[in-house]
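Peer 1: Mind folding the following:
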Amino acid sequence: PFPLHLLGFALHMFHHYTQPESCTFYIPKLETDEEAAYLGHLISSAEKLLGMKLGTVRILIVLENPRAMFRLNEMMTSL
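Peer 2: Residues are numbered from 1 along each chain as shown. From the prediction side, this is the model:
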């Protein structure tokens, strides 16, 4: 088994890494700082592997859980 979100992320990054304006990802329902740390590591690893400047990839996060709003600072620090 292979997580589908990794395949989608990898394909998009591979095809659009030369166009920084295209490297924006929508992340729905982020709930914990552990998930944020995982995504932060995934994004920074992809930027390093593709030779991009760190911080080029932009993300849009939707917080739909009230508990996530109380953990906002921890999640943003993890990203």
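Peer 1: ok, which stretches of this structure are strands?
Peer 2: Here the chain has its strands, by DSSP state E, at 24-27, 58-61.
Peer 1: now what about the first one, what contacts it?
Peer 2: Counting by CB atoms under 8 Å, 6 or more residues apart in numbering, strand 24-27 makes contact with 9, 12, 39, 43, 57-62, all of which sit outside it. Every C-beta, even on glycine, is put in place using the N, C-alpha and C of the backbone.
Peer 1: any low-confidence regions in the protein?
Peer 2: For the chain, no stretch has pLDDT under 70.
Peer 1: Just give me the longest helix of it.
Peer 2: helix 33-49 (DSSP state H).
Peer 1: Check which helices and strands that helix sits against.
Peer 2: helix 4-16, helix 72-78 (3 or more CB pairs under 8 Å, 6 or more residues apart in numbering; DSSP states H and E).
Peer 1: Could you pull out the buried residues of it?
Peer 2: Applying a neighbour-count criterion of 16 or more other CB atoms under 10 Å, the buried positions in helix 33-49 are 33, 35-36, 39-40, 42-43, 46-47.
Peer 1: just stretch 66-73 next, same as before
Peer 2: In terms of neighbour count (16+ other CB under 10 Å), stretch 66-73 has its buried residues at 68, 71.
Peer 1: And for stretch 12-19?
Peer 2: 12-13, 17.
Peer 1: Run a quick neighbour tally on residue 3.
Peer 2: Residue 3 is flanked by 8 other residues according to other CB atoms under 10 Å.
Peer 1: what does the one 5 residues further on give?
Peer 2: Residue 8 has 11 neighbours, counted by other CB under 10 Å.
Peer 1: And the residue nearest the centre of the chain, how far from residue 5?
Peer 2: Note on the chain: the residue nearest the mean C-alpha position is residue 39, at 4.5 Å, using CA atoms, centre = their mean. Note on residue 39: its distance to residue 5, by CB to CB, to the nearest Å, is 9 Å.
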